[in-house]
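Chemist: What follows is a predicted protein model with its sequence.
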Amino acid sequence: MSSKLAQFGKRHIARGIGRSTELVIEKAKGTYVWSVEGKKYLDLSTGIGVTNTGHCHPTVVKAVQEQAANLTHGQVNIFFQKPMLDLIEGLQPKMPHPSLDTFFFWNSGSEAVEAAVKLARQATKKQNIIVFQGSYHGRTFGTMALTTSKTIYGKGFGPLMPGVHVCAYPYFQQWAAHKADPAKFTPEWCGEEALHQLELVLKTRSDPEDTAAILIEPVQGEGGYVVPPKNFMTGLRDICDKHNILLICDEVQSGFGRTGKMFAVEHFNVRPDILVMAKGIASGYPLSAIVSRKELMDLQPPGSMGGTYSGNAVSCAAAKATLQVFEEEKILENTNARSEQFFSTLRSKLPGLLPKDMKVDIRGLGLMIGIEFLNAPKGFASAIANEAFDLDTIVLTTSIYETLRLIPPLNITKEETDLALDRILASVEAAAK
Ligand code: PMP
């Protein structure tokens, strides 16, 4: 039945959507999804970092059901709606800095990134935005111009939004791989070098007086689950302060506990001027947000922002319930414990499964885990993901390099983690043969 339905999907759903499996699913719970045939799959993708509390968490389901029966739509250009106000009350104390106290809600990550850029341009009266190599910020017209992780996201769609300048991202593993003496190149060296490149761009391409904002993913997602060195992130803050440029952190993928802290910027102790959130915020319901300080947000004239589904009431209720689950189930504690379990097993067992000339870099924070195979043949990471699929496990690849990413739910159990590890290791072994 699945293949017949998949054929129907292929015939009637836009071909432009790439898909990593042909599975037709109709049910999901916790760490598992079920195909229409009733086959159970271990889901290490969480819809790309969305269902952080697991699929269909009962607390979220209950909140959604109650909200749907009470108020589904309270248009923000007409009303204040209670679910949004309740959400803000719960969300604001979780922000990585107390100055981040004024919110604007949207539906998707891309829309929220665009809202951040609109705010930055309007508030600073400057227009240029600096982004980094390997970034992914979305697929809308504005965000396509900001996305540099793969050409496919922008190819053929131009001309794109002007005023975007791309800087180097301190991708240590790739930089070191291209140097004769990798030992000389530390992550901190990369951090300094990337800051130097940024200063050059500010001197040669995008004058600080024309530069509204620097936009960064504190851990790169689609670019390969790359964690920047701390000196780079703190240096960015310094450069922004020095030149009066806003720092926008896109935590669409890295936020909501994914890295073991509520937001990835907390690992670097860096204050964003604008924080962008989506995905994990509402456990699968469409919701995104930007948050900034009131003085900045107040520079936007009333009426210049809004939208029909901005901060949908049911999605807000799902987000409030998600926060409740985080508290009640100590989600961050579990994230860190399971992270430890993943990293220690992968680091001890995975290198031994690979051919001698292949190296592996196992990196990330919390349960945002990247596994990059250096010197691997093209398609190696996809071959592993295919082997995993044959073992009823959903594993995604990322970036232009041979990289797997593990994004399990943050409440994955110890036993499920053991099962995931067994299957990943078996898949790597099979692909390496
Ligand atoms: N920013 C980041 C960091 C993302 O990972 C994504 C989605 N992968 C987006 C923005 C865009 O979000 P959406 O797909 O909800 O528009």
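Modeler: Yes, it's here. The shown structure was predicted, so the numbers you read here are calculated from the model rather than taken from an experiment. Residues are numbered from 1 along each chain as shown.
Chemist: what residue lies at the spatial centre of this structure?
Modeler: Nearest to the geometric centre of the chain sits residue 253, at 1.4 Å (Cα atoms, centre = their mean).
Chemist: tell me the contacts of whichever residue of the stretch 101-250 of the chain sits closest to the ligand?
Modeler: With distances taken as Cβ to the nearest ligand atom, the stretch 101-250 of the chain approaches the ligand most closely at residue 109, which sits 2.3 Å away. To be clear about C-beta, it is placed using only N, CA and C from the backbone, and glycine gets the same treatment. Counting by Cβ atoms under 8 Å, 6 or more residues apart in numbering, residue 109 touches 137-138, 250, 252-253, 276, 278-279, 288.
Chemist: Can you pull the phi and psi angles for residue 239?
Modeler: For residue 239, the backbone dihedrals are phi -60, psi -40 (criterion: degrees, to the nearest 10).
Chemist: My read is that it contacts residue 245, right?
Modeler: Yes: checked against Cβ atoms under 8 Å, the pair residue 239 and residue 245 is within contact range at 7.1 Å.
Chemist: Tell me the residues that contact both of the two, please.
Modeler: The overlap between the contact sets of residue 239 and residue 245 (Cβ under 8 Å, 6+ apart) consists of residue 214.
Chemist: Looking only at neighbour counts, state which of these two leads.
Modeler: When residue 239 and residue 245 are compared for neighbours, residue 245 comes out ahead with 25 against 18, by other Cβ atoms under 10 Å.
Chemist: Bridged to the closest residue to the more buried one other than its chain neighbours, which residues?
Modeler: The shortest distance from residue 245 to any non-neighbouring residue, by Cβ to Cβ, 6 or more residues apart in numbering, is to residue 211 (5.1 Å). The partner list for residue 211 in beta bridges (DSSP bridges) reads residue 128.
Chemist: Now do the same contact list for residue 211.
Modeler: Residue 211 sits next to 126, 128-130, 202, 243, 245 when contact means Cβ under 8 Å, 6+ apart.
Chemist: Max pairwise distance over those residues: which two?
Modeler: Comparing all pairs in those by Cβ to Cβ, the longest separation belongs to 129 and 243, at 13.7 Å.
Chemist: between those two, who's got more neighbours?
Modeler: It is residue 129, of residue 129 and residue 243, that has more neighbours when counted by other Cβ under 10 Å, with 27 against 14.
Chemist: Please report the separation between the first and final residues of stretch 15-31.
Modeler: One end of stretch 15-31 to the other measures 29 Å (Cα to Cα, to the nearest Å).
Chemist: Only the buried residues of it, if you could.
Modeler: Within stretch 15-31, the residues that qualify as buried are 23-25, 28, 30-31, counting by 16 or more other Cβ atoms under 10 Å.
Chemist: Same question for stretch 324-339.
Modeler: For stretch 324-339, a neighbour-count test (16+ other Cβ under 10 Å) marks 324-326, 329, 331-332, 334-336, 338-339 as buried.
Chemist: what mean pLDDT does it have?
Modeler: On average, the pLDDT along stretch 324-339 is 98.
Chemist: for it, how far is the first residue from the last?
Modeler: The distance separating the two terminal residues of stretch 324-339, taken as Cα to Cα, comes to 22 Å.
Chemist: Touching that stretch from outside, list them.
Modeler: Applying Cβ under 8 Å, 6+ apart, the external contacts of stretch 324-339 come out as 52-53, 57, 59-60, 63, 90, 256-258, 260-262, 283, 364-367, 369, 408, 410-412, 414, 417.
Chemist: what's the next secondary structure element after whatever helix or strand residue 332 lives in?
Modeler: Taking DSSP states H and E as the definition, one finds residue 332 inside helix 331-349. Beyond helix 331-349 in the direction of the C-terminus, DSSP H and E gives the next helix or strand as strand 359-365.
Chemist: Name the residues that touch that following strand?
Modeler: Defining contact as Cβ under 8 Å, 6+ apart, one finds that strand 359-365 is touched by 173, 219, 225-227, 254, 259-260, 264, 267, 339, 343, 346-347, 350-351, 354, 369-375, 406.
Chemist: Stretch 118-135 close to the ligand?
Modeler: No: using Cβ under 6 Å from any ligand atom, stretch 118-135 never reaches the ligand; the gap is at least 7.7 Å.
Chemist: Check which residues of that stretch are buried.
Modeler: Taking 16+ other Cβ under 10 Å as the basis for neighbour counts, the residues of stretch 118-135 that come out buried are 118-124, 126-135.
Chemist: What of stretch 347-367?
Modeler: Under the neighbour-count criterion of 16+ other Cβ under 10 Å, stretch 347-367 has 350, 353-354, 358, 360-367 buried.
Chemist: What is the most widely separated pair among these?
Modeler: Of all pairs drawn from the buried residues of stretch 347-367, the one with the longest distance (Cβ to Cβ) is 358 and 366, at 26.2 Å.
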